[in-house]
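Student: Got a sequence here, can you build the structure:
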Amino acid sequence: MCKGLSSLPASCLERAMELKERLRSILLKSHWNKSCSKMGQNKPTLEECLGWKQSFEKLLSSKYGLCAFTAFLVSEFSEENISFYFACEDYRNTKSPAKLSAKAQKIYDEFIGFDAPREINIDHETRDITRANIQEPSTDAFDPAQHKIYMLMAKDCYPRFLRSQAYGDLVCQAKPSATATKKP
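Tutor: From the prediction side, this is the model:
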């Protein structure tokens, strides 16, 4: 009954290989995975979890919030957005002008270029602007693309995260902070 993998169309096999490679890179290379696992049994307080609803920036500025949001994006196969955002932040903070060109090309090849392994969803105009910007790299070369991805996450991914079972579970499992439980 089963004819094996050879009976599948080549496009299906190629897609399966792409997904396998993507999952491998997420699990092996993701610094969020490592930093989140280092947190061990420490969990965010209830106040911190509820604070993430105040703003997307507040979520990103929390180490627990960032880990939870990244895990959510991984579960939705869209972690390239947060990876790109922080790759741009790292790029912007590069002190050595000599390193800008190599870093810019690496980010472009990984997230923006044709057939990029972790391609982000930006419009053609922004892609062209970014391609032109990295020809003579400056610390703001990726600003237009980074802004588009930030807005995509803030308007789409962030609200879905707040409605997700994962976020709901975090809130339910979180304990009030010691200062919140003490009444004056």
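Student: packing partners for the helix or strand harbouring Thr70?
Tutor: Here Thr70, judged by DSSP states H and E, is contained in helix 63-75. With contacts defined as 3 or more Cβ pairs under 8 Å, 6 or more residues apart in numbering; DSSP states H and E, helix 63-75 has these neighbours: helix 31-38, helix 46-51, helix 56-61, helix 80-92, helix 158-163, helix 165-173. The C-beta positions use only the backbone N, C-alpha and C, and glycine is treated the same way.
Student: For the fifth one, list every residue counted as buried.
Tutor: Right, helix 158-163. For helix 158-163, the neighbour count (16 or more other Cβ atoms under 10 Å) marks Tyr158, Phe161, Leu162 as buried.
Student: before we move on, back to that, now the helix holding Thr70 and helix 165-173, what's the angle there?
Tutor: Interaxial angle of helix 63-75 relative to helix 165-173 (axes from the mean of the first three to the mean of the last three Cα atoms, to 10 degrees): 150 degrees.
Student: what angle sits between helix 63-75 and helix 80-92?
Tutor: Counting by the same axes, to 10 degrees, helix 63-75 lies at 130 degrees to helix 80-92.
Student: For helix 63-75, what is the distance to the chain centroid?
Tutor: How far helix 63-75 lies from its chain's middle: 8 Å, per Cα atoms, centre = their mean, to the nearest Å.
Student: Just the buried residues of that helix, please?
Tutor: Going by neighbour count (16+ other Cβ under 10 Å), the buried part of helix 63-75 is Lys63, Tyr64, Gly65, Leu66, Cys67, Ala68, Phe69, Thr70, Ala71, Phe72, Leu73, Val74.
Student: Please tabulate those in CSV, including the columns distance to His147 and pLDDT.
Tutor: Written out in CSV, the entries for the buried residues of helix 63-75 read as follows (distance: Cβ to Cβ, whole Å; pLDDT from 0 to 100):
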residue, distance to His147, pLDDT
Lys63, 24, 93
Tyr64, 25, 93
Gly65, 21, 94
Leu66, 19, 94
Cys67, 24, 93
Ala68, 23, 94
Phe69, 18, 95
Thr70, 20, 94
Ala71, 24, 93
Phe72, 21, 93
Leu73, 18, 94
Val74, 23, 92
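Student: Looking at those residues, spot the one nearest Lys175.
Tutor: Minimum separation from Lys175 among the buried residues of helix 63-75 (Cβ to Cβ) is found for Tyr64, which lies at 12.9 Å.
Student: Name the nearest residue to the closest one, ignoring sequence neighbours.
Tutor: Taking Cβ to Cβ, 6 or more residues apart in numbering as the measure, Tyr64 lies nearest to Pro44, with 3.8 Å between them; neighbours along the chain are not counted.
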